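# let me see the structure of the following:
(one chain, ligands or ions: 1)
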Amino acid sequence: MSNEAFRLLSRGGTVFSKSNIDNHLLIKRKESRQKGQRNATVLDGQIPSELDFFKYAQGGQGKRKIVDESSNSEKKRKVNHEGEDMQDEDELLASVAIPEVIHRVSAKGSDVPPHIDSFEALNTFGVPSRITANLKSSGYKTPTSVQSYCIPILLKSRDLAAISPTGTGKTLAYLLPIFSKLAAPASPSSGNGVRAVVVVPTRELAHQIYNECLKLAQGRKWKIILFSKATANALSQNGAADKVDIIISTPLRLVAALQNGVIDLNNVRHLVLDEADRMLDPEFMPQIQEIVNSCTYSFLQKAFFSATLPAGAEKLAMEMLNNPVRVVVGVKDTPLPLISQSLTYVADDPSKLPSLLSYFAKPYNPPVLIFASTQTRATSLAEELVLNGIANVDCLHAGLTQKEREDAVTRMRKGESWVMVTTEVMARGMDFKGVREVINYDFPTTVQSYVHRIGRTGRAGREGKAVTFFTDDDAPYLKTIANVLLQSGSTVPDWILKLPKPSKLKKRQMGKIKRPDVVNPARFVGRRDSIKKRSALHPIYA
Ligand SMILES: Nc1ncnc2c1ncn2[C@@H]1O[C@H](COP(=O)(O)OP(=O)(O)OP(=O)(O)O)[C@@H](O)[C@H]1O
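The predicted model follows:
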């Protein structure tokens, strides 16, 4: 099918987008823009700075030279489908902009410790100066809202449930107190066994959090373990686990080690569940119960973090916590208004690919993250994009080997992937600061999935764009997602608001439509035809 035909087809689609008005947030205009720092350029052949993992937060242990902040710029790059630069914008984005977004915060519980306004205030909590120095050298100047509130609460040894939008710095909010409370790397006086555990849903996220740990650990010999089969085996050696400070693991991996007697958690003083609602859903709940029950230290501190915490998960969380404080930043289960959201009608499944190709025929901002509902569809879509000449397409899902997954993440971090087709595995927690656009090729299955998927853009105070394709089959659930758009300040056309609300039963079916494994039915037609021709020409195949 020609590109022209694709365009014609997708022209029938209705697109509506939003303006970023929000009454919950006050977004200060970035001073750097006002001051007109618009002249800096990115040198030829350089990775755009926001894509450079090793330079995260302007302070990683990067191999690349860290640019002086005053001259630092991120050049907005737009390419067409052939990968040619379309625009040469000099528009600058503030390098570390989160703290400029002021959120409404609610902190509930008995005797809630007061929040801090600066990292300097951490001195009064006895946070080791080495850790505050590491904050500075990592480029973290001012705490974000979730950090302002949660760090003191955790430093005061309270249990905590924290809900804060995607990309607002929850990782540091729990890692800093862990390092501070552990005070120093393990020694004979710190007891036998690992002292802190962070549990997350995916291996990729565990790796990312491990890298964040390394930033805070600089200058001291902390033993931080990214838990895997190999590290678990190493820990089973006599006394090896006693020297471990922090383990970051997925629930399954940790439970397997517990069950094999490779590790015990009797000395764990800090247990964090990141992406807590996912950790507490029925798929992971038995493992989480086992982990929690294995943490037998009398003064165990538990902290649960997520960008979303639906009522059921919150109830479970609160029951597991001891006299907790509950912190909510912004509006619960709502994306940041920094993300410009739109819904695009694409009639039916076969019309999605032409619509996507027509999207890529116009200038777009790489890297773009595309969510498909299954591994096979993600692979099929990536193949189609490659066949249609889209530049630097990549694919990442749980069906790949560990090495393939790691390589895909690395390519993404280095800015080598411009279009990453993925599944739910990348929806939570992954922090690719450069992601400018997210496309929900297949409709999400829950509001939480929607919020986390689109939260891969608009991180660290940057702006982002999220497009969600919907078909006639998705229409019954449209209102559910439209309500999220409304809550985060978007305007939604009346006709969607007038749609009936799906029943609870119906809601459970959201996005769970049976979709074909391949995204281009024409491929099959072509294949069938060629098999027919082959049979006619070579009767041996008939
Ligand atoms: N105080 C800060 N100042 C500037 N940047 C920060 C600060 N704290 C964190 N960041 C940066 O913000 C980005 C998002 O942080 P993080 O991944 O912890 O977000 P999150 O809230 O956990 O998101 P998600 O809900 O998607 O998991 C990271 O790149 C991190 O380096």
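# endpoint to endpoint, stretch 119-135 covers what distance?
8 Å (C-alpha to C-alpha, to the nearest Å).
# kindly report the residues of the protein close to the ligand.
Counting by C-beta under 6 Å from any ligand atom, the chain comes close to the ligand at 56-57, 96, 98-99, 140, 142-144, 147, 164, 166-172, 307, 429, 431, 433, 455, 459-460. Yep, even glycine has a C-beta here, placed from its N, CA and C like the rest.
# which of those residues fall in helices?
Using DSSP state H, the members of the residues of the chain next to the ligand that fall within helices are 147, 170-172.
# identify the farthest-apart pair in those.
Spatial extent of those (C-beta to C-beta) is set by the pair 147 and 171 at 9.7 Å.
# ok, back up a step: quick one: which of the ones in helices among the residues of the chain next to the ligand is most hemmed in?
residue 147 (28 neighbours; other C-beta atoms under 10 Å).
# correct me, but it touches residue 173?
Yes: at 4.6 Å, residue 147 counts as touching residue 173 under the criterion of C-beta atoms under 8 Å.
# residues in contact with residue 253?
227-229, 232 (C-beta atoms under 8 Å, 6 or more residues apart in numbering).
# let's go with 7 Å and repeat that
If you count contacts by C-beta atoms under 7 Å, 6 or more residues apart in numbering, residue 253 has them with 227-228.
# any idea how far it is from residue 107?
Residue 253 is 33 Å from residue 107, where distance means C-beta to C-beta, to the nearest Å.
# by contact count, what packs against the helix or strand containing residue 273?
Secondary structure from DSSP states H and E places residue 273 in strand 270-274. If you count contacts as 3 or more C-beta pairs under 7 Å, 6 or more residues apart in numbering; DSSP states H and E, strand 270-274 packs onto helix 170-182, strand 196-199, strand 301-306.
# adding distance to residue 346 and mean pLDDT, write those out as JSON lines.
Below are these laid out as JSON lines (distance: least, C-beta to C-beta, whole Å; pLDDT from 0 to 100):
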{"stretch": "helix 170-182", "distance to residue 346": "34", "mean pLDDT": "97"}
{"stretch": "strand 196-199", "distance to residue 346": "38", "mean pLDDT": "98"}
{"stretch": "strand 301-306", "distance to residue 346": "30", "mean pLDDT": "98"}
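# for those, give me TSV that also has distance to residue 276.
Shown next, in TSV, are those (distance: least, C-beta to C-beta, whole Å):
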stretch	distance to residue 276
helix 170-182	10
strand 196-199	9
strand 301-306	4
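# where do the strands sit along the stretch 151-300 of the chain?
Counting by DSSP state E, counting those that start in this stretch, the stretch 151-300 of the chain has strands at residues 160-163, 196-199, 224-226, 246-249, 270-274.
# parallel or antiparallel, list what pairs with the first one.
Put plainly, it is strand 160-163. strand 301-306 (parallel), strand 325-329 (parallel) (DSSP bridges).
# could you do the second one as well?
Sheet pairing for strand 196-199, assigned by DSSP bridges, gives strand 246-249 (parallel), strand 270-274 (parallel).
# cool, the shortest one as well?
With DSSP bridges as the criterion, the sheet partners recorded for strand 224-226 are strand 246-249 (parallel).
# ok, and what's touching the partner strand?
By C-beta under 7 Å, 6+ apart, strand 246-249 touches 178, 194, 196-200, 206, 209-210, 213, 224-227.
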